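1. Sequence isn't available, so here's the structure alone:
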């Protein structure tokens, strides 16, 4: 455990010693703010229309109209920022030769992988933590329900975990950061749009494609539902990606 | 302390290390000598557990590097060819991180980092970022990293590469000092380094061990037949014939003639000192004996000799 934390700590320090952490956190905060304002105006207008009694329901739910879509918007930010977090993890260590230090230290491959994953997660959590400020405004001036917000964040954490573990795997395959980042982005995007084609498919493939889509599983979390189906999807996605990473590192050893 | 048995490492079709076996005793400094691409780095990487061998096995500090890697790594310090530094970390932070992953207990870490920095003379750079270090300091931080957990075995891949002469001397002295309580393997393609720092030498070429011995024995072994250098001033005489007649001389070769002065390289039977007879013969003829000295092959020549001989077999 100490070994895992040592690696995680080192990774985190690496992020904050370079511009990566600040760029990732800063630009996500700006984008999130933009989405937030946009949805806030939308919510405001919907509420006025509802109040004027022409159409729609008499009361508008801030969770439903505003917060739930906001969480789905965040996944767009993740698509672009998380490859930046993971692209260097292994690629850079391989390029600079520091991987030799890690692989000749009394650590297991799994400890290194989990340590790197945790380091990325902590950075990601601090990125999400900034958005709590916006939520605080909603609580200050409105009356949202906190439970759907909590599940929404849980969903985002799990989805981010998927992206990070996948990015870690891609990074472990190359010594070039740019390639790692680009491939990670492409694979993320694929998992994102994989079910777009679903509407043209038969019922079986439709179900399969929808299940594979990484964003499809976020919908329920954003609405305040914790379904074990989605938990299983996200957790097994993370576990499998980390497993692949361990295998990739090990196989590189044998190939030399 | 280190035992390598029939170690072979192949990368696809190429064989980097081919059936290498040797032993290193506790406290010994072993030099690993060979040209670039001889398989030095690969052998070291197998010993440190960075990569597994294709065949054979390596036992470090009593643990098989393949089946008990964690135990073996706990007792091994390794300086790779390029010191594995994280550019964004300060030297102190970096060494603390190394101490942590090498398993130095939390309570001893700070003291250990300070001690190691003093020992490798990098204390003045403690708060400098690794990215901003000069080549010499990078190398020394790499060495500090390797001895951090006070390992039984130290494996140093070209520890003096890229250093200036003063730093080279300091590093060699440090390695010698370490030799007392650590077992050291160091690789190099600089020959004087071996005779200065190592107790024994393994000469490796094209993945094969060519010779294992002490630097002195290697020199002696190659002098199997003794060679003398003689310079004689003898106008128009048959010096070669006269020298050939000296008992014990097996071969006379004129190497250079300048006016009346001729230089010869004379081979004689092993263990037989022909210097007195050679001098006597020359003086009796009334020639001028300008120079007479045994030719000692430097380690450099041995090395060339060994590797070229190996090539000739193939």
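-> Now that the structure is in, tell me what you want to look at. Keep in mind that what you see is a predicted model, and the values were worked out from it rather than measured.

2. Around chain A, which positions in the stretch 101-250 of chain B sit nearby?
-> For the stretch 101-250 of chain B, the contact set with chain A under CB under 8 Å from any CB of the partner chain comprises B:101, B:102, B:103, B:145. (Glycine included, C-beta is placed from N, CA and C.)

3. Need phi/psi at the first one.
-> Note on residue B:101: its backbone torsions stand at phi -80, psi -20 [degrees, to the nearest 10].

4. before we move on, back to that, among the residues of the stretch 101-250 of chain B next to chain A, which lie within helices?
-> Counting by DSSP state H, these place B:101, B:145 in helices.

5. Which one of the residues of the stretch 101-250 of chain B next to chain A sits in the busiest neighbourhood?
-> residue B:145 (27 neighbours; other CB atoms under 10 Å in any protein chain shown).

6. How about that one: what's its closest non-neighbour residue?
-> Using CB to CB, 6 or more residues apart in numbering or on different chains and skipping the chain neighbours, the partner closest in space to residue B:145 is residue B:98 (4.9 Å).

7. give me the element the one you found is part of.
-> Using DSSP states H and E, residue B:98 sits within helix B:91-101.

8. my read: residue B:83 touches residue B:141, true?
-> Yes. Counting by CB atoms under 8 Å, residue B:83 does reach residue B:141; the two are 6.2 Å apart.

9. what's the overlap in contacts for those two?
-> Contact with both residue B:83 and residue B:141 is made by no residue, according to CB atoms under 8 Å, 6 or more residues apart in numbering or on different chains.

10. Check which helices and strands the helix holding residue B:98 sits against.
-> helix A:2-17, helix B:106-119, helix B:135-147 (3 or more CB pairs under 8 Å, 6 or more residues apart in numbering or on different chains; DSSP states H and E).

11. The last one: how far from the chain's middle?
-> Taking CA atoms, centre = their mean, to the nearest Å, the mean C-alpha location of helix B:135-147 is offset from the chain mean by 19 Å.

12. quick one: average pLDDT of it?
-> Across helix B:135-147, the average pLDDT comes to 91.

13. and what of the longest one?
-> When pLDDT is averaged over helix A:2-17, the result is 92.

14. so does whatever helix or strand comes next after that helix get close to chain B?
-> Sequence order places helix A:20-52 as the next helix or strand after helix A:2-17, per DSSP H and E. No. Shown here: helix A:20-52 not in contact with chain B (CB under 8 Å from any CB), separated by at least 10.0 Å.

15. And the contacts of the next helix or strand after helix A:20-52?
-> Downstream of helix A:20-52, the first helix or strand assigned by DSSP H and E is helix A:62. For helix A:62, the external contacting residues (CB under 8 Å, 6+ apart) are A:43, A:138, A:142, A:143, A:144.

16. Apply 10 Å and report the result again.
-> Here helix A:62 makes contact (CB atoms under 10 Å, 6 or more residues apart in numbering or on different chains) with A:39-40, A:43, A:46-47, A:68, A:138, A:141-145, A:148.

17. Over it, what's the mean pLDDT, rounded is fine.
-> Averaging pLDDT along helix A:62 gives 80.

18. Which SSE is immediately downstream of it?
-> Sequence-wise, the next helix or strand downstream of helix A:62 (DSSP H and E) is helix A:68-86.

19. Report whether whichever helix or strand comes after that next one contacts chain B.
-> Proceeding N to C from helix A:68-86, the next assigned helix or strand is helix A:91-96, under DSSP H and E. Yes. Counting by CB under 10 Å from any CB of the partner chain, chain B is contacted by helix A:91-96 at A:92, A:93, A:96.

20. buried residues in helix A:91-96?
-> Buried residues in helix A:91-96, counting neighbours by 16 or more other CB atoms under 10 Å in any protein chain shown, are found at A:91, A:92, A:93, A:94, A:96.

21. In a markdown table: these, plus pLDDT.
-> Compiled in a markdown table, these are given as follows (pLDDT from 0 to 100):
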| residue | pLDDT |
| --- | --- |
| A:91 | 93 |
| A:92 | 92 |
| A:93 | 92 |
| A:94 | 92 |
| A:96 | 91 |
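
22. so the residue nearest to the spatial centre of chain A is in which element?
-> Taking CA atoms, centre = their mean as the criterion, residue A:160 is the residue nearest the geometric centre of chain A, at 1.8 Å. Per DSSP H and E, residue A:160 falls inside helix A:146-171.

23. helices or strands next to that helix in the packing?
-> If you count contacts as 3 or more CB pairs under 10 Å, 6 or more residues apart in numbering or on different chains; DSSP states H and E, helix A:146-171 packs onto helix A:68-86, helix A:91-96, helix A:109-141, helix A:177-193, helix A:218-223, helix A:228-255.

24. how many neighbours does the closest residue in space to residue B:25 that isn't next to it in sequence have?
-> Of all residues not flanking residue B:25 in the chain, residue B:1 sits nearest, at 6.1 Å (CB to CB, 6+ apart). Around residue B:1 there are 20 other residues, counting by other CB under 10 Å.

25. Contacts only, for residue B:1.
-> Listed by CB under 10 Å, 6+ apart, the contact set of residue B:1 reads B:23-28, B:30, B:59-62, B:75, B:152-153, B:182-185.

26. Residue A:29 and residue A:132 touch, don't they?
-> No. With contact defined as CB atoms under 10 Å, residue A:29 does not reach residue A:132; the gap is 11.1 Å.

27. what pLDDT does residue 46 get?
-> Went with chain A since none was named. 83.

28. that answer is for a different chain, and I need it for chain B
-> 93.

29. about what we covered before: min pLDDT across the residues of the stretch 101-250 of chain B next to chain A, which one?
-> Within these, residue B:103 has the lowest pLDDT, namely 91.

30. Buried only: go through the contacts of residue B:1 for me.
-> Taking 16+ other CB under 10 Å as the criterion, what is buried in the contacts of residue B:1 is B:24, B:28, B:30, B:59-61, B:75, B:152-153, B:182-185.

31. will you turn those residues into a markdown table that also has secondary structure and pLDDT?
-> Formatted as a markdown table, the buried ones among the contacts of residue B:1 follow (DSSP: H, G, I helix; E, B strand; the rest coil; pLDDT from 0 to 100):
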| residue | secondary structure | pLDDT |
| --- | --- | --- |
| B:24 | strand | 91 |
| B:28 | coil | 89 |
| B:30 | strand | 92 |
| B:59 | strand | 93 |
| B:60 | strand | 92 |
| B:61 | coil | 90 |
| B:75 | coil | 93 |
| B:152 | coil | 92 |
| B:153 | strand | 93 |
| B:182 | coil | 88 |
| B:183 | strand | 92 |
| B:184 | strand | 92 |
| B:185 | strand | 93 |
